[in-house]
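Q: got a predicted model here, sequence first, then my questions.
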Amino acid sequence: EGSSYDTYVGGLLGVAMIENIETSSSNGTISITNTVNNVNIVGGLIGRFYNSTSDNATRNFISNSYASVDIHTSNYGSSTGASVGGLVGIASNEYADNTEIINSYATGDIYSTNGYIGGLVGQNWAILTNSFATGNIDGLSGYTDRLAAYSTFNSHYTNCYVYDAQTVSYDGNPGSVRSD
């Protein structure tokens with residue numbers, strides 16, 4: 001048992017702040033065996049994508065990008081800290097209208113022992129436009145969803161979708177899917 005720290009892992013970048021990511025991709029597998037009680041923030045493309053907390057910050061975005069990455073992680077800590085997404089683990093800032101994901105998608109399967117587990121984004125405070133996810137999601141505990149496991153009241157979704165055959169399960173057992 002060791003100290004608990006946040007670990008940011010992405011197929012392309014662990015953390016991207018105040019940057020634009022265009023026509024980028026990642027393929028493969030991310031597998032994390034957690035032995036020191038770290039909280040993993042994992043995304044198929046980017047672990048954590050965020051902007052300045054200033055209300056006059058320039059918009060940053062991910063556009064025309066994808067991740068075809070299978071993710072398997074053992075996650076510790078509270079379910080509110082750990083986050084895994086097919087494209088981005090956490091897309092956040094204090095002002096959702098400054099961060100956007102446009103024309104992007106994720107196709108990998110995801111398993112995490114804990115946290116927010118989303119097909120496209122684990123935790124979302126951003127605008128999602130013309131984006132989708134097709135991978136299956138399996139979690140031992142926490143919150144799961146085919147698109148974004150957690151979204152704030154100021155998240156916006158336009159023309160986003162999930163694949164009908166996409167499954168959500170808990171430790172391999174069928175789970176429920178939100179219809180919203």
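A: Yep, it's here.
Q: what about the helix or strand hosting F49, distance to the chain center?
A: F49 is located in strand 46-50, with elements delineated by DSSP states H and E. On the basis of Cα atoms, centre = their mean, to the nearest Å, strand 46-50 sits 8 Å off its chain's mean C-alpha point.
Q: list the buried residues for that strand?
A: Within strand 46-50, the residues that count as buried by 16 or more other Cβ atoms under 10 Å are 46-50. Quick note: C-beta positions are derived from backbone N, CA and C, even for glycine.
Q: what about the closest residue to N37 other than its chain neighbours, which SS state?
A: Once flanking residues are discounted, N37 sits nearest to Y76: 4.3 Å by Cβ to Cβ, 6 or more residues apart in numbering. With DSSP: H, G, I helix; E, B strand; the rest coil as the basis, Y76 sits in coil.
Q: where does pLDDT dip in the protein?
A: Counting by pLDDT under 70, the chain has low-confidence residues at 1-5, 52-57, 77-80, 93-97, 153-154, 164-167, 169-180.
Q: repeat that with 50
A: 1-3, 176-180 (pLDDT under 50).
Q: ranges for the helices of it?
A: Counting by DSSP state H, no segments of the chain form helices.
Q: for S31, grab the count of nearby residues.
A: 11 (other Cβ atoms under 10 Å).
Q: tell me who's in contact with it.
A: When contacts are counted by Cβ atoms under 8 Å, 6 or more residues apart in numbering, S31 touches 71-73.
Q: try it again with 7 Å
A: Taking Cβ atoms under 7 Å, 6 or more residues apart in numbering as the criterion, S31 is in contact with H72.
Q: follow-up on the earlier one: could you single out the nearest of the buried residues of strand 46-50 to E19?
A: Minimum distance to E19 across these is 8.3 Å, recorded for F49 (Cβ to Cβ).
Q: show me what the closest one is bridged to.
A: Beta-bridge pairing of F49 under DSSP bridges involves A16, A91.
Q: and the gap between it and I90?
A: From F49 across to I90, the span is 7 Å (Cβ to Cβ, to the nearest Å).
Q: L120 now?
A: 12 Å.
Q: ok, I62 touching I21?
A: Yes. Here I62 reaches I21: they are 4.5 Å apart, a contact under Cβ atoms under 7 Å.
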